[in-house]
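**Q** Dropping the sequence and predicted coords here.
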Amino acid sequence: MLPILPKTALSSQEKRVKYTEKSKQSNTQKLSVLKGLSKFVIIGGLLLLVTQLLPLGVSYAQSFIVHAYNGETYIPVSQNFLQKMISVQYIDPGQAYFQSVVDHQRVQDITIDTSYTQPMNITVGTAEINNILLTPNVPGSDKSLYEAALKKGVAHLKGTPLPGSGGTSIIYGHSGLSGLLVSPHNPQIIFSRLDAANVGDTVTIHRDGKELQYLVTSKKIIEPTDVTFITDTSHKEKIVLITCWPLGIGTKRLVLIGEKIQ
């Protein structure tokens, strides 16, 4: 029969080993719990998205179906919200402003062709304004006419020389804020990007199969009553690009002036 030996105390090293093993087991358990919670959160989030987005998508699809009985279209959200999503907001300078610009110009020995109707295109590469429709001879005195033109791009102001004809050509366009579903490159507010252009950049206008290039020599923000940019007495051919500024507010005007490159 073997003798019963007395219990001996664990050494400090053995204690550390046991403590480390217990810590590892505890950490493993915690990690397993965290993984389980993470999976639960992810699955719960996906279910929440599906249960919310799927009915919303179905509602939007149904909103475009005309009711068979009374012809009404059912919209799951308010008209005001939808309008903000698909609309653009801009400031209209007004007929008086355009007329003031025309009245203050000085044209010397230049024939202004007010009957020209061939569409042109304008590019300001640094502002990502690429090959945008430029409608000629759009009167600033008729809001319905210039609004129709500005929905498609920008406009040459009737009563000022055409680009390439000498003198100073005025080109105007809307700037503004776009809804979430409207591209910032929308031609209707393409001059919102005009601020990205700087002195030294090039503006290109295509007219009658020719490429007219202008070097931007001035960029400034002015008061809406300031029309000094049109009273230049030099004989250089220029273009002036005008839009309302800041975006969606329009308390001032952003003006870029370019001189024709020979």
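**A** Received it, and whenever you're ready, just let me know what you need. Residues are numbered from 1 along each chain as shown.
**Q** ok, longest strand in the protein?
**A** If you go by DSSP state E, the chain has its longest strand at strand 210-222.
**Q** now the angle from the helix or strand following that one to strand 210-222?
**A** Where DSSP states H and E defines the elements, the next helix or strand beyond strand 210-222 is strand 238-245. Put simply, strand 238-245 runs at 50 degrees to strand 210-222, going by axes from the mean of the first three to the mean of the last three CA atoms, to 10 degrees.
**Q** Quick one: list the elements packing against strand 238-245.
**A** The helices and strands touching strand 238-245, judged by 3 or more CB pairs under 8 Å, 6 or more residues apart in numbering; DSSP states H and E, are strand 168-172, strand 202-207, strand 210-222, strand 252-260. Yep, even glycine has a C-beta here, placed from its N, CA and C like the rest.
**Q** what about 6 Å?
**A** Helices and strands touching strand 238-245, by 3 or more CB pairs under 6 Å, 6 or more residues apart in numbering; DSSP states H and E, are strand 168-172, strand 252-260.
**Q** just the helices in the protein please.
**A** With DSSP state H, the ranges of helices along the chain come out as 12-63, 79-86, 95-104, 143-150.
**Q** weakest of the ones you listed in terms of mean pLDDT?
**A** Of all the helices of the chain, the minimum mean pLDDT falls on helix 79-86 (a mean of 56).
**Q** Point out where the stretch 51-200 of the chain drops to low pLDDT.
**A** For the stretch 51-200 of the chain, applying pLDDT under 70 flags the ranges 51-87, 108, 179-182, 184.
**Q** Pairing partners for Leu256 in the sheet, please.
**A** Beta-bridge pairing for Leu256 (DSSP bridges): Lys219, Leu241.
**Q** Please identify the most buried of the helices and strands packed on strand 238-245.
**A** Stretch with highest mean neighbour count among the helices and strands packed on strand 238-245: strand 168-172 (a mean of 24; mean count of other CB atoms under 10 Å).
**Q** Number of residues surrounding His155?
**A** Check again: residue 155 is Ala, not His. Residues lying near Ala155 (other CB atoms under 10 Å) number 26.
**Q** list the contacts for it?
**A** Counting by CB atoms under 6 Å, 6 or more residues apart in numbering, Ala155 touches Thr135, Val138, Tyr146, Ala149, Tyr172.
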